[in-house]
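>>> Sequence unavailable; structure follows:
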């Protein structure tokens, strides 16, 4: 289940709450009242909205049929679509199967993520380390749950490996970190894997910008080395201190 602190999820839920009721759960996580449920989408910047129903009472002779429950879900999703559009959201309505419809929505205006307020080029390395550790914990936790949860373990490990790759590249000041396109592509893949695992990260484009800004602020050193032909070569590539050794000219 996605954490309710995600800013897009919160914004969509607030827009819906004015006209509709959220789905209710009991302390065991089972639905006990019908209503909307908002979660993140694998499409970056979008949310997914569904209409959830409590399970039917099989002993109730007047229980609704599957078709009647499907009709209720469709009607609710259409109502959520109208509400979100009135609130300034772009909506792709009624996706999915007949019995499990949902909509995708994104705000027409950017929604501020309060988690970004504490992120700067100086703190981005620590944030990526935290993400990698978080992904590893999620993979470990999911391993010992039910089969559906274990199916997300691979996604959690993919996200962890990708975040760790950027983290490790920052530790050695790898030159490719100067390329916003490369960093953004890798972080977008990590973000998609995180969503598939049931968690999320911050906007990968924003993270990529912070990584590139950090890299460009790193001091550079000139490496003086001796080639196989006895000629000196110079490079202006930023690398960690322990990689550099200034050599004197050959005798």
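Looks like it arrived, so ask away. All values derive from a computational prediction rather than experimental measurement. Numbers count the residues shown, from 1 in each chain.
>>> Could you use CA atoms for every contact and neighbour count after this?
Noted.
>>> you'd agree residue 208 is in a helix?
Yes - the assignment for residue 208 (DSSP: H, G, I helix; E, B strand; the rest coil) places it in a helix.
>>> so who does it touch?
180, 183, 184, 187 (Cα atoms under 8 Å, 6 or more residues apart in numbering).
>>> For the buried ones among those residues, write the corresponding PyMOL selection.
In PyMOL, a selection of the buried entries from those looks like this (16 or more other Cα atoms under 10 Å):
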select buried, resi 180+183+184+187
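>>> Just the residues contacting the strand or helix carrying residue 160, thanks.
Using DSSP states H and E, residue 160 falls within helix 153-171. With contact meaning Cα under 8 Å, 6+ apart, helix 153-171 is reached by 125, 128-129, 131-136, 138-140, 142-143, 177, 183, 186-187, 189-194, 196-197, 215, 240.
>>> tell me which residues of it are tucked away?
Neighbour-count burial for helix 153-171, counted by 16+ other Cα under 10 Å, picks out 153-167, 170.
>>> Let's test this: mean pLDDT of it, rounded?
Helix 153-171 carries an average pLDDT of 88.
>>> Show me how this structure divides into domains.
Split into domains by automatic domain parsing, the chain comes to 7-107, 116-216, 219-251.
>>> Quick check: which of the ones you listed is buried the most?
Of all the domains of the chain, domain 116-216 carries the top mean neighbour count, a mean of 18, counting by mean count of other Cα atoms under 10 Å.
>>> Distance from the chain centre to that one, please.
Taking Cα atoms, centre = their mean, to the nearest Å, the mean C-alpha location of domain 116-216 is offset from the chain mean by 9 Å.
>>> now stretch 13-29
Centre-to-centre, stretch 13-29 and its host chain are 23 Å apart (Cα atoms, centre = their mean).
>>> need the helices for this structure, in chain order.
Secondary structure of the chain by DSSP state H: the helices cover 7-17, 66-86, 124-143, 147-150, 153-171, 180-197, 204-216.
>>> which stretch in those helices is the model least sure about?
Taking the mean pLDDT of those, helix 147-150 comes last: a mean of 66.
>>> can you put the helices of the chain in CSV and add distance to residue 53?
Listed next are the helices of the chain as CSV, based on distance: least, Cα to Cα, whole Å:
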stretch, distance to residue 53
helix 7-17, 17
helix 66-86, 8
helix 124-143, 26
helix 147-150, 20
helix 153-171, 28
helix 180-197, 23
helix 204-216, 34
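>>> So which of those helices is nearest residue 110?
Comparing the helices of the chain against residue 110 with Cα to Cα, the closest turns out to be helix 7-17 (9.3 Å).
>>> for that closest one, packing partners?
Contact partners of helix 7-17 among helices and strands, from 3 or more Cα pairs under 8 Å, 6 or more residues apart in numbering; DSSP states H and E: strand 35-40, strand 47-52, helix 66-86.
>>> Just want the angle from the longest one to helix 7-17.
Orientation of helix 66-86 against helix 7-17 (axes from the mean of the first three to the mean of the last three Cα atoms, to 10 degrees) gives an angle of 100 degrees.
>>> Could you do the second one as well?
Angle of strand 47-52 versus helix 7-17, following the same axes, to 10 degrees, is 50 degrees.
>>> got a list of contacts for strand 47-52?
Strand 47-52 is contacted from outside by 8-9, 12, 23, 31, 34-41, 73, 76-77, 80, 101-106, using Cα under 8 Å, 6+ apart.
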